[in-house]
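Engineer: I would like to see how this sequence folds:
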Amino acid sequence: MNDMTQLLHSMENTMKLQNRAAAERRARKAEREKKEFQEKLQRAAAGKIELEAVASKAKGADDAVQRDQLVGMMMAGTVL
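Structural biologist: You can find the predicted model right below:
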């Protein structure tokens, strides 16, 4: 009976070690996935900022063209 008890304890300890190792692997995987997700969010945020800058620049150029056209029309009106 003592050998059987020892065998059962050995099996139990083996299972505990396997479960602990599996939990540690899952934790490392979850940490990796979290880090990858955060990097994707940072890239997306940087891309959004870049797009907003390009859009702002385009809007500024469009506003400048409209301003120049308006000034041109006003000058043409005063010359007549």
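Engineer: what helix or strand does Ala30 sit in?
Structural biologist: For Ala30, the host element (DSSP states H and E) is helix 2-79.
Engineer: for that helix, give the mean pLDDT please.
Structural biologist: Helix 2-79 shows a mean pLDDT of 92.
Engineer: if I look at the residue positioned nearest the centre of the chain, how far off is Lys48?
Structural biologist: Taking CA atoms, centre = their mean, the centroid of the chain lies closest to Leu41, which sits 1.1 Å from it. For Leu41, the distance to Lys48 equals 10 Å [CB to CB, to the nearest Å]. (C-beta placed from N, C-alpha, C; glycine too.)
Engineer: then Asp62?
Structural biologist: In terms of CB to CB, Asp62 sits 21 Å off from Lys48.
Engineer: and if you look at Met75?
Structural biologist: From Met75 to Lys48 the distance is 40 Å (CB to CB).
Engineer: what do you get for Ala30?
Structural biologist: Distance, Ala30 to Lys48, using CB to CB: 27 Å.
Engineer: one more: Gln69?
Structural biologist: Distance from Gln69 to Lys48, by CB to CB: 31 Å.
Engineer: could you do Met73 as well?
Structural biologist: From Met73 across to Lys48, the span is 37 Å (CB to CB).
Engineer: can you check Glu12 too?
Structural biologist: Separation of Glu12 from Lys48 (CB to CB): 53 Å.
Engineer: try Arg28
Structural biologist: To Lys48, Arg28 is 31 Å away according to CB to CB.
Engineer: please apply the same query to Glu36.
Structural biologist: In terms of CB to CB, Glu36 sits 19 Å off from Lys48.
Engineer: number of residues surrounding Thr58?
Structural biologist: Just to correct that, residue 58 is Ala rather than Thr. 10 (other CB atoms under 10 Å).
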